[in-house]
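A.B. asks: this one's sequence-less:
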């Protein structure tokens, strides 16, 4: 008796399992890349926001005309003070803050670098607003006499 031979075109169980293993391996690598990309994007946003905040605080300090008011009118002349900012750079309360900016006087650098009548202010940004803050950015602002 001749039995008709039927040829079936299909994958075996081993081929399916190996294919799923390769696909899952590739997806795992892609998820790791997405996580790294998100972290990089967050750090880039923080760096941009810090640059904006630094310029904003520096311009605020320059706009106070502290030299016309006299040294006693400068709020940071005797002791440093702190400002708090949210993720978008708006001034906020300490509880809602993401960035903390400590503003205070700084010892002047070498005399040959900065004239004697220029006030040097140190801005220390820490973020996120947790203790201890994992990231710190320090900037110096030079306030020339007006």
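C.D. replies: Arrived safely, thanks for sending. What you see is a predicted model, and the numbers here were worked out from it, not measured in a lab. Numbers count the residues shown, from 1 in each chain.

A.B. asks: which of the helices or strands spans the residue nearest the centre of the chain?
C.D. replies: Central residue of the chain (C-alpha atoms, centre = their mean): residue 46, 2.5 Å from the mean position. Here residue 46 sits within helix 13-63, counting by DSSP states H and E.

A.B. asks: now that helix: how far from the chain's centre is it?
C.D. replies: Centre-to-centre, helix 13-63 and its host chain are 13 Å apart (C-alpha atoms, centre = their mean, to the nearest Å).

A.B. asks: residues contacting the residue nearest to the centre of the chain?
C.D. replies: 127, 135 (C-beta atoms under 8 Å, 6 or more residues apart in numbering). (C-beta placed from N, C-alpha, C; glycine too.)

A.B. asks: how about a cut-off of 6 Å?
C.D. replies: By C-beta atoms under 6 Å, 6 or more residues apart in numbering, no residues touch residue 46.

A.B. asks: backbone dihedrals for residue 129, please?
C.D. replies: Dihedral pair for residue 129: phi -80, psi 70, per degrees, to the nearest 10.

A.B. asks: and the next helix or strand past the lowest-mean-pLDDT helix or strand in the chain?
C.D. replies: Within the chain, no helix or strand scores below helix 66-69, which has a mean of 48 by mean pLDDT, DSSP states H and E. Using DSSP H and E, the helix or strand that directly follows helix 66-69 along the chain is strand 81-85.
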